[in-house]
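**Student:** The sequence and its predicted three-dimensional model are supplied below.
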Amino acid sequence: MIKNLIKLAKRKKPADWLRFLLTWTSALAAIAILLYIVGFILVKGIPHIELSLFSTTYTVENQSLFPALVTTLVMVAMTLLIAVPFGVFSAIYLVEYANRGSKIVRLIRMTTEIIAGIPSIVFGLFGYIFFATWLGWGKSLLAGCFTLAIMILPLIMRTTEESLKSIPDSYREGSFSLGAGKLRTVWRITLPSAAPGIFAGIILAVGRIVGETAALMFTIGNVIQLPNNLFSQGRTLALHVYQLSTTGLYVDKAYATTVILLVVVLFINYLSSAVERRFLQKLR
């Protein structure tokens, strides 16, 4: 490998060398920063992980994270259940059915780009005014789920749209030539071929849901309890970490909860990847 790098280095021009060094320096810097952050959290948090953190009740003496963990999993499942169908079907319409140069397509894309650039605190205020107050849901898991669904909708739409665009038109033309209709071509040819990109967008959306705090402060409340129903108030793991750290009394517990949050994110990403592989195997 070293000999190949030496041979490649001899062929490079000074400008190529500069680009090569900048690329590798940036990559190594990003990896180093990531490892430092993760290592810092692990060193600070692992010594303070106790079985009492997984108690079903939260008290002043025991800052249990179990209610927040359950709330986080419920929020992820419900938000994806709302946002994924809307995002995927909207992308299918934009790519497969709508005229690609029409005004309605440009309007939808411009709207999604605007929504993607709105700060999360604005989504929180909107969710509080519209879902919690105007619709009468109050601060609840349902209000938080719909607020997060609006936040991740542009991400799912854009990743699905780009995945569908990457499918060669020859796939569609071959399906049409065999007598398949538009709907059958979309569901049996185009959509399965774009599945890896769609799942990648969903995994990114999961990370956005798990790590969100500002939008949820105004929509799901700040009650640390096991959710009884969708109209219950709650607190996600990210909100739990924020509350523990801001008080200044439970910083060690905040680090321990952050470690569990990292594990939850990795587990959800692994589960999503496993579902994707299983889905693709069935298609083959």
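**Tutor:** Sure thing, it's come through. Numbering: from 1, shown residues only.
**Student:** Look at V122 and report its pLDDT.
**Tutor:** The pLDDT attached to V122 in the predicted structure is 90.
**Student:** any idea how far L107 is from it?
**Tutor:** Computed as CB to CB, to the nearest Å, the V122 to L107 distance reads 21 Å. Yep, even glycine has a C-beta here, placed from its N, CA and C like the rest.
**Student:** One more: S175?
**Tutor:** S175 is 30 Å from L107, by CB to CB.
**Student:** likewise L34?
**Tutor:** Going from L34 to L107 by CB to CB gives 38 Å.
**Student:** Check R235 too.
**Tutor:** 38 Å.
**Student:** Next: P154.
**Tutor:** As judged by CB to CB, P154 and L107 stand 14 Å apart.
**Student:** Ok, Y242 next?
**Tutor:** 37 Å.
**Student:** if I look at the closest residue to F86 other than its chain neighbours, how far off is T160?
**Tutor:** Using CB to CB, 6 or more residues apart in numbering and skipping residues adjacent in sequence, the residue nearest F86 is L153, 6.2 Å away. The gap separating L153 from T160 is 11 Å, by CB to CB.
**Student:** try G138
**Tutor:** Separation of G138 from T160 (CB to CB): 33 Å.
**Student:** Give me the more crowded residue out of these two.
**Tutor:** Shown here are G138 and T160; by other CB atoms under 10 Å, T160 has more neighbours (28 against 17).
**Student:** you'd agree that one is up against G197?
**Tutor:** Yes: T160 is within contact range of G197, at 7.1 Å (criterion: CB atoms under 8 Å).
**Student:** How are the helices of the stretch 151-284 of the chain distributed by residue range?
**Tutor:** In the stretch 151-284 of the chain, the segments counted as helices under DSSP state H, counting those that start in this stretch are 169-177, 182-185, 191-193, 195-211, 214-217, 237-247, 251-283.
**Student:** Using JSON lines, lay out the ones you listed together with distance to V43.
**Tutor:** Below are the helices of the stretch 151-284 of the chain laid out as JSON lines (distance: least, CB to CB, whole Å):
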{"stretch": "helix 169-177", "distance to V43": "50"}
{"stretch": "helix 182-185", "distance to V43": "53"}
{"stretch": "helix 191-193", "distance to V43": "44"}
{"stretch": "helix 195-211", "distance to V43": "21"}
{"stretch": "helix 214-217", "distance to V43": "28"}
{"stretch": "helix 237-247", "distance to V43": "16"}
{"stretch": "helix 251-283", "distance to V43": "9"}
